[in-house]
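S.K.: Provided below for reference: sequence and predicted model.
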Amino acid sequence: MTTFVALGDSITLGMGDPVAGRGWRGWAALLAGGLPDPVFHNLAVSGAQSADVERDQLPRALALRPELASVIVGVNDTLRGGFDPARLRASVTAVVTALQEAGAVVLTMRLPDPGRMLRLPACLARPLARRASEVNAVMDEIAARFGTIHFDAAGDPETYDRRIWSADRLHPNERGHRLIAIRFHDLLAAAGHPLGTRPCPEPSSPPPAHWQVLCWMATKGIAWVLRRSRDLLPALVALAAREWWAGTRPGGDPHPGPPPAAQATALR
């Protein structure tokens, strides 16, 4: 029996991969199907930030005594005005430490740049890309320190193929969730973990019709954008303004790269 516990946000919850009558499925459930005698628990919550995972999901995960656990978080941290990489690092470090001390093999992931998927104007996409880079530097550092099974979604050539993303451009569709499940399956196999059948890459359900996509955008998508705009947009505008101001000063660097520590820990 292999107990697999998935922690994280809406990506791990399975948003973008609906199953009729059962809600969301997602990559973690698809990966679980290829584990030996699996017992799967999905503790992910839509909108969760790293602190939420540490405070709310970790105690429940430890009580389940998992052999395998995934910790994929950070997108919602970047989409908040109070983004703090140090706080993210502390929370994810605490979660991974506790899970490994309990005997679990831990899965982590480098996140793709949401600005590229949302097709934001360059002045807003740059600071969001920098935040994504900071999250990935933290996750790379933790992966190197703890030896997690680490999937580089940011560098995967298939990640930015529009065919794997749902209408909101922030959540994978079924094909995208299957891609994540396959990548983790292959990484676990390469590390010598016993596995069953590799997840199928082809969707089992037809893609939504154009009218269904429009309906989703009209009912849920616009509401999501409005909720995020109250917090994210002012923060991005402020970051863009600071970047512009830095570029107008003599010697200013309008496109600063990651700090040296982040560069040293990035696993490309």
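M.R.: That came through, no problem. Fair warning: this is a prediction, and the values are worked out from it, not measured in the lab. Residues are numbered from 1 along each chain as shown.
S.K.: residues contacting stretch 108-125, please?
M.R.: Identification of contacts with stretch 108-125 by C-beta atoms under 8 Å, 6 or more residues apart in numbering yields 70-72, 74-75, 78-79, 96, 126, 128-129, 132-133, 135-136, 139-140, 142-143, 148-155, 159-160, 165, 169-170, 180, 233, 236-237, 240, 243-244. No exception for glycine: its C-beta is placed from N, CA and C like everyone else's.
S.K.: filter the residues you listed to the buried ones?
M.R.: 70-72, 74-75, 78-79, 96, 126, 128-129, 132-133, 135-136, 139-140, 142-143, 148-154, 159, 165, 170, 180, 236, 240, 243 (16 or more other C-beta atoms under 10 Å).
S.K.: tell me which of those fall in strands.
M.R.: Assigned to strands by DSSP state E, the following of the buried ones among the contacts of stretch 108-125 qualify: S70, V71, I72, I149, H150, F151, D152.
S.K.: what would those residues look like in JSON lines with distance to A32 and pLDDT?
M.R.: Listed next are those as JSON lines, based on distance: C-beta to C-beta, whole Å; pLDDT from 0 to 100:
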{"residue": "S70", "distance to A32": "10", "pLDDT": "98"}
{"residue": "V71", "distance to A32": "16", "pLDDT": "98"}
{"residue": "I72", "distance to A32": "14", "pLDDT": "98"}
{"residue": "I149", "distance to A32": "14", "pLDDT": "98"}
{"residue": "H150", "distance to A32": "19", "pLDDT": "98"}
{"residue": "F151", "distance to A32": "16", "pLDDT": "98"}
{"residue": "D152", "distance to A32": "22", "pLDDT": "97"}
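S.K.: mind putting those into JSON lines with distance to A29?
M.R.: Below are those laid out as JSON lines (distance: C-beta to C-beta, whole Å):
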{"residue": "S70", "distance to A29": "11"}
{"residue": "V71", "distance to A29": "17"}
{"residue": "I72", "distance to A29": "14"}
{"residue": "I149", "distance to A29": "17"}
{"residue": "H150", "distance to A29": "21"}
{"residue": "F151", "distance to A29": "16"}
{"residue": "D152", "distance to A29": "22"}
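S.K.: which one of those residues sits closest to A51?
M.R.: V71 (13.0 Å; C-beta to C-beta).
S.K.: which residues does that closest one form a beta bridge with?
M.R.: Taking DSSP bridges, one obtains L7 as the residues bridged to V71.
S.K.: can you give the distance of stretch 126-136 from its chain's centre?
M.R.: The chain centroid and the centroid of stretch 126-136 are separated by 13 Å under C-alpha atoms, centre = their mean, to the nearest Å.
S.K.: what mean pLDDT does that stretch have?
M.R.: Averaged across stretch 126-136, pLDDT comes to 88.
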